[in-house]
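[1] here is my input, please return the structure:
(2 chains)
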2 protein chains.
Amino acid sequence: MFKRYLLAPGPTPVPPEVLLAMAMPIIHHRAPEFLPLFEEARQNLKWLFQTKNDVLILSSSGTGGMEGSVTNFLSPGDKAIVINGGKFGERWLKICQAYGITPIEIKVEWGYAVKLEDVEKALKKDPSIKAVLMQASETSTGVAHNTKAIADIVKKYADTILVVDAITALGVFDIKTDEWGLDVVITGSQKALMLPPGLAFVSISDKAWKFAEKAKTPKFYFNFKKERENLLKNQTNFTSAVSLIIGLREALKMMKNEGLENIFNRHSRLAEATRKGVQAIGLSLFPKESPSNALTAVSAPDGFDGQKIYKELRERYGITAAGGQDHLKGKVFRIAHLGYADTFDVITAISGLEMVLKGMGYKLELGKGVGAAEEILIK
Amino acid sequence: MFKRYLLAPGPTPVPPEVLLAMAMPIIHHRAPEFLPLFEEARQNLKWLFQTKNDVLILSSSGTGGMEGSVTNFLSPGDKAIVINGGKFGERWLKICQAYGITPIEIKVEWGYAVKLEDVEKALKKDPSIKAVLMQASETSTGVAHNTKAIADIVKKYADTILVVDAITALGVFDIKTDEWGLDVVITGSQKALMLPPGLAFVSISDKAWKFAEKAKTPKFYFNFKKERENLLKNQTNFTSAVSLIIGLREALKMMKNEGLENIFNRHSRLAEATRKGVQAIGLSLFPKESPSNALTAVSAPDGFDGQKIYKELRERYGITAAGGQDHLKGKVFRIAHLGYADTFDVITAISGLEMVLKGMGYKLELGKGVGAAEEILIK
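    Reported below is the predicted structural model:
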């Protein structure tokens, strides 16, 4: 017997309630028995997004939602600020390049949050900029950018929308879509929503819908206007990923029972415990500021290979965490605590890490990291 | 208690073995325990597609596969023949229009198969045509176009590829991808593959890959070259829809156990029994020629509303069949027999239909349609 523990920043574990709901015989996506389930999921998505607007439900990974959030609001030749502080910031760049949008890159050193004055300056310098593309939580570095503060800047510009990749943020920490004036907010199913991968969700403000009227970038599968028309009929434009939507309804019911404040507090508590735990055994956090509560990126100690730590966790202890991406490969490893995660997921992670590091010859007192995590978790 | 029967042309029923496989705890899409499952699914997809080429696995509905099969092989301004004999033929038109491809439409009256000489003529007339876009089985009319014969025509043109939407054909009747020289073949998860919706599959010939080198239509999420590069590493470009792929592996295992010939024979037998059954009670088939073995489109008898028949089947007997689409609404209803379908699915459909029609005042001898179906099914 070898038990496995999924502590990666997506896919995240799926609760048994959700797995079993999805294992029910499939129903037709236009059949009357599907409609109330779909309606309930739609309403609860609005609750999760903290918006009065309909939230689009797309059959794709989160990246499909990102692509649609460029092609539906911008035209070739338009300029967009890309806040690029990691692998997912780079993805915005690549999407812009693929569709002929001119990216104005604000390069942020990996491990740091974007400086607000850089966003302000870039917008002032060129008022023709149509959009600011950002991550609320950059999964590759474990850093959260300050979404609210950036929204406060962008909303001063009537001809600019803010597009927020909240794929590892929504349902982890507070993202007040309407109150903060976030024009486009994207998430995916396999993160805080505790579902398998395969769905993307996008909320869109009235301001952004006006951009959609003028956007000339070609699109068909990710046509947001058509999706909205279909949502008014309680349907998706193309065949819904029925089983995932059945799971979505179940997961949202669980989240609603817990309540937004409790969900945010839980993630904050787990994240703090993880940070304290790894620091207590002498490791340092990769983020130099503003760590995300979705996951903790940890720098591998000098002379130790981060990929080896990640592999040992998996092979010896059955823990699937995540390594570093691109130039961080070998330099960091990442422990997630988003979605269906609680106290003993953190304990498992820190304990596994202690045993792995000890086995690799790193000097530490076994149990010290766990103790530090418990100091937080006991509260 | 009210038992439900799904007899729609997608989503189709999912076997319990597959539902339970998908209900197992989720694993990470880059983790070593996922890789052999993904590899097995990939190999068995080649078997199902009858191709030596890798089959792309996309997280989207089948329409995403169709979109990618235009954007990856054609450039704005290119011409493509669209064989348009139903709602899904129209979809090719709309995709072309969205991306600036010039469609040369071969309009086929709904209920008929395309005339081969029309394809031949259109290609001869304009040798600059880059692609022929067709349905192997047009789900809206229940008609199968002659894929092999069209391939024989198209392969004479070195600068033209044949793109086959085989979404309700593959795994239903014989589609010899490599032997017939089909350049691009597309299917979706929720048809013969007996899975929930959410995956699209695309096989691509060497000839088509050469077109991909030159195609200038913008794309990002559906970038086939990137997908192929990732398949060489046994991965998908973006996060795989893990649970659906786990189900895919299970469904393909079941299909391989049955064998291609048996699968095709089963569908042929069920389709023939359905056709004989509905005809025995005096109804006529909507297709005037070449009925598809995936589903049977039946004309509503004079003075009877096809939508009412469809609704009564569902509401009184729990049978979800399908109504008519667009201008066929009310004029036809459709009974599917693809995927996880066997003898008593046909019996259920014909029996339900007999009782519904009787209840609506249509004159028929109860049991006569079932008897005619049994004549075929007993063999």
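[2] neighbours of A:Lys176, how many?
    Using other C-beta atoms under 10 Å in any protein chain shown, A:Lys176 is surrounded by 16 other residues. C-beta coordinates here come from the backbone N, C-alpha and C atoms, glycine included.
[3] list the contacts of A:Pro291.
    Counting by C-beta atoms under 8 Å, 6 or more residues apart in numbering or on different chains, A:Pro291 touches A:Gly142, A:Val143, A:Ala144, A:Ala271, A:Arg275, A:Leu285, A:Ala297.
[4] cool, A:Gly89 as well?
    Residues in contact with A:Gly89 (C-beta under 8 Å, 6+ apart) are A:Val82, A:Ile83, A:Val108, A:Met134, A:Gln135, A:Glu138.
[5] and the gap between the residue nearest to A:Lys214 when sequence neighbours are not counted and chain B?
    Distances taken as C-beta to C-beta, 6 or more residues apart in numbering or on different chains put A:Ser75 closest to A:Lys214, at 7.0 Å, once the chain neighbours are dropped. Separation of A:Ser75 from chain B (C-beta to the nearest C-beta, to the nearest Å): 12 Å.
[6] assign a three-state SS to A:Ser75, would you?
    coil (DSSP: H, G, I helix; E, B strand; the rest coil).
[7] can you give me the pLDDT of it?
    On the pLDDT scale, A:Ser75 is placed at 98.
[8] what ranges do the strands span in the stretch 1-150 of chain A?
    A:5-6, A:55-59, A:79-84, A:102-107, A:129-135, A:137-138, A:143-144 (DSSP state E, counting those that start in this stretch).
[9] one step back: looking at the contacts of A:Pro291, which are in helices?
    Members of the contacts of A:Pro291 lying in helices (criterion: DSSP state H): A:Ala271, A:Arg275.
[10] now the contacts of A:Pro291 as TSV including pLDDT and distance to A:Met360?
    Converted to TSV, the contacts of A:Pro291 look like this (pLDDT from 0 to 100; distance: C-beta to C-beta, whole Å):
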residue	pLDDT	distance to A:Met360
A:Gly142	98	22
A:Val143	98	27
A:Ala144	98	30
A:Ala271	98	25
A:Arg275	98	21
A:Leu285	98	20
A:Ala297	98	19
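[11] give me the buried entries from the contacts of A:Pro291.
    For the contacts of A:Pro291, a burial check counting by 16 or more other C-beta atoms under 10 Å in any protein chain shown picks out A:Gly142, A:Val143, A:Ala144, A:Ala271, A:Arg275, A:Leu285, A:Ala297.
[12] give me every residue in the stretch 1-150 of chain A lying close to chain B.
    With the criterion set to C-beta under 8 Å from any C-beta of the partner chain, the stretch 1-150 of chain A comes near chain B through A:4, A:6, A:8, A:10-11, A:13-14, A:19-20, A:22-29, A:31-33, A:59-64, A:67, A:94-95, A:98-100.
[13] can I get the buried part of the residues you listed as one ChimeraX selection?
    For the buried members of the residues of the stretch 1-150 of chain A next to chain B, the matching ChimeraX selection, counting by 16+ other C-beta under 10 Å, is:
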select /A:6,8,10,11,13,14,19,22,23,26,27,28,29,59,60,61,62,63,64,67,94,95,98,99
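[14] in helices, which of the residues of the stretch 1-150 of chain A next to chain B fall?
    A:Leu19, A:Leu20, A:Met22, A:Gly62, A:Thr63, A:Gly64, A:Glu67, A:Lys94, A:Ile95, A:Ala98.
[15] give the contact list for the first one.
    Same thing as A:Leu19. A:Gly247, B:Met22, B:Ala23, B:Met24, B:Pro25.
[16] pLDDT value on the residue nearest the centre of chain A, please?
    Centroid-nearest residue in chain A: A:Thr168, 1.5 Å away (criterion: C-alpha atoms, centre = their mean). Looking at A:Thr168, its pLDDT is 98.
[17] quick check, it in contact with A:Ser137.
    Yes: using C-beta atoms under 8 Å, A:Thr168 is in contact with A:Ser137, at 4.4 Å.
[18] re the thing from before, in this structure the residue nearest to A:Lys214 contacts A:Lys216, no?
    Yes: contact criterion C-beta under 8 Å: A:Ser75 and A:Lys216 qualify, at 4.0 Å.
[19] same drill for the two, tell me which one is more crowded.
    Using other C-beta under 10 Å, the more surrounded residue of A:Ser75 and A:Lys216 is A:Ser75, with 15 against 11.
[20] and the closest residue in space to A:Glu179 that isn't next to it in sequence, what does it touch?
    Of all residues not flanking A:Glu179 in the chain, A:Gln50 sits nearest, at 6.8 Å (C-beta to C-beta, 6+ apart). Residues near A:Gln50 by C-beta under 8 Å, 6+ apart: A:Ile175, A:Lys176, A:Thr177, A:Asp178, A:Glu179, A:Leu260.
[21] domain ranges for chain A?
    Following automatic domain parsing, chain A resolves into domains at A:16-257, A:259-377.
[22] hmm, back to that, and which of the contacts of A:Gly89 is nearest chain B?
    Distance ranking of the contacts of A:Gly89 against chain B, using C-beta to the nearest C-beta, places A:Val82 first at 14.0 Å.
[23] for that closest one, list each beta-bridge partner.
    On the basis of DSSP bridges, A:Val82 is bridged to A:Glu105, A:Leu133.
[24] rewinding a little: dump the domains of chain A into TSV; add distance to B:Pro127 as well.
    Compiled in TSV, those are given as follows (distance: least, C-beta to C-beta, whole Å):
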stretch	distance to B:Pro127
domain A:16-257	26
domain A:259-377	46
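[25] which of the ones you listed sits closest to B:Leu357?
    Checking the domains of chain A against B:Leu357 by C-beta to C-beta gives domain A:16-257 as the closest, at 21.2 Å.
[26] centre of the chain to that closest one, how far?
    Computed by C-alpha atoms, centre = their mean, to the nearest Å, the chain-centroid distance of domain A:16-257 equals 10 Å.
[27] identify the farthest-apart pair in the contacts of A:Gln50.
    The distance between the two most remote of those (C-beta to C-beta) is 13.7 Å, for A:Asp178 and A:Leu260.
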